[in-house]
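Peer 1: give me a model of this one.
(chains A and B)
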Amino acid sequence: MRLTRRRALAAGAAALAVPRLAPAQAQARTLRFVPQANLANIDPVWSTAVVVRNHGLMIYDTLFGVGADLRPRPQMAAGHEVSADGRRWTIALRPGLKFHDGERVRARDCIASIARWAKRDVLGQRLDALLEEMRALDDDRFEIRLKRPWPGLAFALGKPSANICAVMPERVARTDPFQQIQDYTGSGPFRFRQDLFRPGDVVVYERFADYVPREEPPDLLAGGKRVHFDRVEWRVMPDPSTAAAALQNNEVDWWETPLADLLPLLRRHRDIVVERINEFGNLGVLRFNFLHPPFDNPAVRRALLPAIDQRAFMQAAMGTDAALWRVPAGVFTPGTPLANDAGIEVLTRPRDLEAARRMLREAGYRGERVVMLSATDLPVLQSLAEVAADLMRRVGFNVDLQAMDWGTHIQRRTNRGPVEQGGWSAFCTTWEGLDVSVPGSHQPIRGHGAAAWAGWPTIPRLEELREAWFEAADPEQERRIAEEIQRLVWQEVPFIPLGQVLPVQAYRRSLTGVLKGSSSMFWGVRRT
Amino acid sequence: MYAYVARRILATIPVMAVVALFVFSLLYIAPGDPAAVIAGDQATPEDVERIRQSLGLDRPYLVRFGAWLWDILRGDLGVSIFTNLPVSTMIAQRIEPTLSLMVVTLLFAVSVAVPMGVVAAWKQGTLIDRMVMAFAVLGFSVPVFVVGYLLAYVFALELDWLPVQGYTSFREGFGPWLENLVLPAIALGSVYIALIARITRATMLEVLQQDYIRTARAKGVGQRGILFLHALKNAAVPIVTVIGIGIALLIGGAVVTESVFAIPGLGRLTVDAILRRDYPVIQGVVLLFSFVYVLVNLAIDLIYTLLDPRIRY
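Peer 2: Numbers count the residues shown, from 1 in each chain, chains lettered A, B, ... in the order given. So this is what the prediction gives:
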């Protein structure tokens, strides 16, 4: 047969068409997901990044799992007993639990996992401070003996926010908590395919056939984690427009963080569902540096309160669609049990710039330069910083808004020097809603000076109240403590809440059973 | 000739040494700290310091540079701070998509741009010439990402002819491989086509004024023969030079193109590493790019001798 130009073109077109027909069957058993960020490291105890936490929830199981009501339930644990004095917890494992290498999950694996996690996580560190001893009673049971009772232990072991208490084999969990693990043998419903891992491109998980799910229906991190896909692929796409186009073109099934600007386009597509998965969202935060003028003066920090318009912050960050944010937001995540209205009028009464200016004058502000850090590669944070800077200028601050990438921003925040020496005065960020739903993991309210989160406030009373929350006997007492904390925050102003960001996710309508909760979870999901 | 090639290859050693020193120093003084990025938003300064120590980032500049240089001399590019994978493995994972993109772009751009430039010179002052020049101006002016989005919208979303994003390895078949590269190559090639077409046109116009072209015409050589056998060959040296210089343009453009089309190549690896301050990866990739660029220049110098027998080394 003579090769003509027309035949060559036809052959080329046929060659291009083949791949579009062939993988349809494999595709049906593979869930293609675009995560919020690149999974750069894969140790959920070493890193606090949300995407690493999400990866951890794929391949590791936890002893307890928090349900949608934020109450912990046994997960790998069959159950637990607490001694009458509240100091001894005995935890029994469910039968048949296996690691991905086929080995049984034993009590000593759990002890080593808890011990490593307790060095890094904020609630784990609480356990570390209270811990008297952990010891295996046999292969299936172990006990944790505390110096003082801590009713919140099960919550800490089962919370979904970073760092999760992932159960790893003992040999892995013995790794220094400040070093990354090298062995990714997990205990969860999915197995990580390290051989196919290409950071910045694709992360591949396969269903772990020997995983034993609980009988109960799935409920956030609790209940039966039944997997209906053979394979889940996380496909990293740094460009939001590309991810949107890929979702529309059925090249991916699920996009975790669609850009607010693209939501109208996605909502118009008949094969795409746009809905909120993370019910707790994130809390916007304006943070101050307590070490240097002008924000070392509580009166200066308070002067901003009458001017703060949470709605303006949220609209700048998320757009005008009010379904994407919630105001007013107090110190604790709106919609969670400890959220309260104590003193919330400071943020809800009519905004009064003149009052803010007057309070600033009375506070003795002398025009010191306020360095506001802004992370330009994170659009939400950049928008919050720009609104805050503008607001401060209008109140009368001498603001120097400094734009930089996140890598520089996060390093700059560690500088405790004055602004003349590369220090900073204020920045905006967001905190995962679950973290700031309870005092125990609420870093912005910590007041323990040099050891506190960037800003380093020294507010002993806040520390006392946090400690009291750990000891609280019942939810009512917890609530009273939360109200007192909130009132104190309006006085001392370690931070100002800027509203609750409620991001949505987008997925193909062919997916059903997508679980609502704090993060994207892949059990219970099917393709119809 | 062989002695020249050997000399040029040996000359890459001091060049690479300077690049290594420059890259390491630049990263050392640049703001940002991988330990702070790893520790995350909620970390205390103590956490950051512990991580910094565990990564060896607290050691003095000279100690770190010495250790890195010693590893490089042994052929070890180090281990990524974040992924814990060897940098050489990460580069190996990413080199195929970038190489594929650059080769397809290069072939596409040269095969389109050179005839365009030749025809524009031949038809100087006509509508065709103006259209070619208008295209060149557009190619220079419209950013690669805009071209990329437009192509993806038309050919992937509207017509559903090609995929929006991704990369399929050559090992999985020529068709799937090419399918994923068509749109990125056109997007990335637009600037390159504009550059080569303009240079080709300008050089051809100059060559077409030469006496030997007039002689060829007088001897009855056809238009096609004059353009492609006599003129183009004599105009080739500047064109090849521009193609070589354009490799740097391609490397830069690949960073954007790979992001727009979600191609997991070296460009994206570089950007990700820079944003996270993953020093070993940045250093490894920049060294590789520098080495490639030095080799490309060497290849161009050698091609000169093939195109112009008067050039000897």
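Peer 1: can you tell me the closest non-neighbouring residue to A:M392?
Peer 2: In space, A:M392 comes closest to A:V399 once its chain neighbours are excluded; the distance is 4.9 Å by CB to CB, 6 or more residues apart in numbering or on different chains. Bear in mind the C-beta positions are built from the backbone N, C-alpha and C, glycine included.
Peer 1: so that neighbour sits in a strand?
Peer 2: Yes: the assignment for A:V399 by DSSP: H, G, I helix; E, B strand; the rest coil puts it in a strand.
Peer 1: show me the shaky parts of chain A.
Peer 2: A:1-28 (pLDDT under 70).
Peer 1: re earlier: beta partners of the residue nearest to A:M392?
Peer 2: A:V370 (DSSP bridges).
Peer 1: tell me the residues of the stretch 301-450 of chain A that contact chain B?
Peer 2: Residues of the stretch 301-450 of chain A found near chain B (CB under 8 Å from any CB of the partner chain) are A:377, A:404-408, A:410-414, A:416, A:429, A:431, A:435, A:443, A:450.
Peer 1: are any of these buried, and which?
Peer 2: By neighbour count, with 16 or more other CB atoms under 10 Å in any protein chain shown, those hold A:404-408, A:410-414, A:416, A:429, A:431, A:435, A:443 as buried.
Peer 1: hmm, A:P444 is touching A:D435, no?
Peer 2: No: contact criterion CB atoms under 8 Å: A:P444 and A:D435 do not qualify, at 9.4 Å.
Peer 1: can you tell me the residue of the stretch 151-300 of chain A closest to chain B?
Peer 2: A:D201 (3.2 Å; CB to the nearest CB).
Peer 1: so what's that residue closest to, chain neighbours aside?
Peer 2: Closest residue to A:D201 in three dimensions, ignoring its sequence neighbours and counting by CB to CB, 6+ apart: B:P264, at 3.2 Å.
Peer 1: name the helix or strand for the one you found, please.
Peer 2: Under the assignment given by DSSP states H and E, B:P264 is not contained in any helix or strand.
Peer 1: I'd guessed it sits against B:E258; true?
Peer 2: Yes: at 7.4 Å, B:P264 and B:E258 qualify as touching, with contact defined as CB under 8 Å.
Peer 1: identify the contacts common to these two.
Peer 2: Common contacts of B:P264 and B:E258 (CB atoms under 8 Å, 6 or more residues apart in numbering or on different chains): B:P97.
Peer 1: give me the more crowded residue out of these two.
Peer 2: Counted by other CB atoms under 10 Å in any protein chain shown, B:P264 and B:E258 do not tie: B:E258 has more neighbours, with 28 against 22.
Peer 1: got the phi and psi for that one?
Peer 2: Main-chain torsions, B:E258, degrees, to the nearest 10: phi -60, psi -30.
Peer 1: that one against B:L101, yeah?
Peer 2: Yes: the criterion here is CB under 8 Å, and B:E258 meets it with B:L101 at 7.2 Å.
Peer 1: identify the contacts common to these two.
Peer 2: Residues touching both B:E258 and B:L101 (CB under 8 Å, 6+ apart) are B:P184, B:G265.
Peer 1: since we're on residue 43, how many residues are nearby?
Peer 2: Just going to use chain A. A:D43 has 24 neighbouring residues, counting by other CB under 10 Å.
Peer 1: that's the other chain; I wanted chain B
Peer 2: Around B:A43 there are 24 residues (other CB under 10 Å).
Peer 1: repeat for A:N398
Peer 2: Under the neighbour criterion other CB under 10 Å, A:N398 is assigned a count of 13.
Peer 1: thought it was touching A:V371?
Peer 2: No: with contact defined as CB under 8 Å, A:N398 does not count as touching A:V371 (10.0 Å).
Peer 1: contact partners for A:L286?
Peer 2: A:L286 makes contact with A:L304, A:I308, A:L384, A:A388, A:A426, A:F427, A:C428, A:F495, A:I496, A:L498, according to CB under 8 Å, 6+ apart.
Peer 1: go again with 6 Å.
Peer 2: Contacts for A:L286 (CB atoms under 6 Å, 6 or more residues apart in numbering or on different chains) come out as A:A388, A:C428, A:I496, A:L498.
Peer 1: A strand includes it, no?
Peer 2: Yes: according to three-state DSSP, A:L286 belongs to a strand.
Peer 1: where does pLDDT dip in the stretch 201-313 of chain B?
Peer 2: In the stretch 201-313 of chain B (pLDDT under 70), the answer is B:312-313.
Peer 1: could you rerun that using 80?
Peer 2: Along the stretch 201-313 of chain B, segments meeting pLDDT under 80 span B:248-249, B:305-313.
Peer 1: around chain A, which positions in it sit nearby?
Peer 2: When proximity is defined as CB under 6 Å from any CB of the partner chain, the stretch 201-313 of chain B approaches chain A at B:S259, B:V260, B:A262, B:P264, B:R268, B:L269, B:D272, B:L275, B:R277.
Peer 1: out of these, what pair is the most spread apart?
Peer 2: Using CB to CB, these span at most 24.0 Å, a distance reached by B:V260 and B:R277.
Peer 1: the closest residue to B:T270 other than its chain neighbours and chain A, how far apart?
Peer 2: Distances taken as CB to CB, 6+ apart put B:V285 closest to B:T270, at 4.9 Å, once the chain neighbours are dropped. Separation of B:V285 from chain A (CB to the nearest CB, to the nearest Å) stands at 12 Å.
Peer 1: tell me, how many residues neighbour B:V285?
Peer 2: Here the count is done by other CB under 10 Å, and B:V285 has 24 residues near it.
Peer 1: that one contacts B:R268, correct?
Peer 2: No: the criterion here is CB atoms under 6 Å, and B:V285 misses it with B:R268 at 10.6 Å.
Peer 1: who are the contact partners of residue 52?
Peer 2: No chain was given, so I picked chain A. Contacts for A:V52 were tallied using CB under 6 Å, 6+ apart; they are A:P44.
Peer 1: if you could check chain B rather than the one you did, that'd help
Peer 2: By CB under 6 Å, 6+ apart, the contact set of B:R52 is B:A35, B:D58.
Peer 1: pretty sure it sits in a strand.
Peer 2: No: B:R52: not assigned to a strand; according to three-state DSSP it is helix.
Peer 1: tell me the contacts of B:L27?
Peer 2: The contact partners of B:L27, taken as CB under 6 Å, 6+ apart, are B:Y279.
Peer 1: against chain A, how distant is it?
Peer 2: B:L27 is 11 Å from chain A, by CB to the nearest CB.
Peer 1: in which helix or strand does that residue reside?
Peer 2: helix B:2-29.
Peer 1: residues in contact with the residue nearest the centre of chain B?
Peer 2: For chain B, the residue nearest the mean C-alpha position is B:I251 (2.5 Å; CA atoms, centre = their mean). Neighbour list for B:I251: B:F289 [criterion: CB under 6 Å, 6+ apart].
Peer 1: buried ones in the helix or strand harbouring it, by neighbour count?
Peer 2: Per DSSP H and E, B:I251 falls inside helix B:232-260. Using 16+ other CB under 10 Å as the test for burial, helix B:232-260 gives B:232, B:234-237, B:239-244, B:246-247, B:250-251, B:253-260.
Peer 1: can you lay out the residues of the stretch 201-313 of chain B next to chain A as TSV showing distance to A:R361?
Peer 2: TSV is the format used below for those (distance: CB to CB, whole Å):
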residue	distance to A:R361
B:S259	48
B:V260	51
B:A262	53
B:P264	56
B:R268	51
B:L269	53
B:D272	47
B:L275	42
B:R277	42
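Peer 1: picking up where we left off before, pretty sure the residue nearest to A:M392 contacts A:L391?
Peer 2: No: counting by CB under 6 Å, A:V399 sits too far from A:L391 to count as a contact (9.2 Å).
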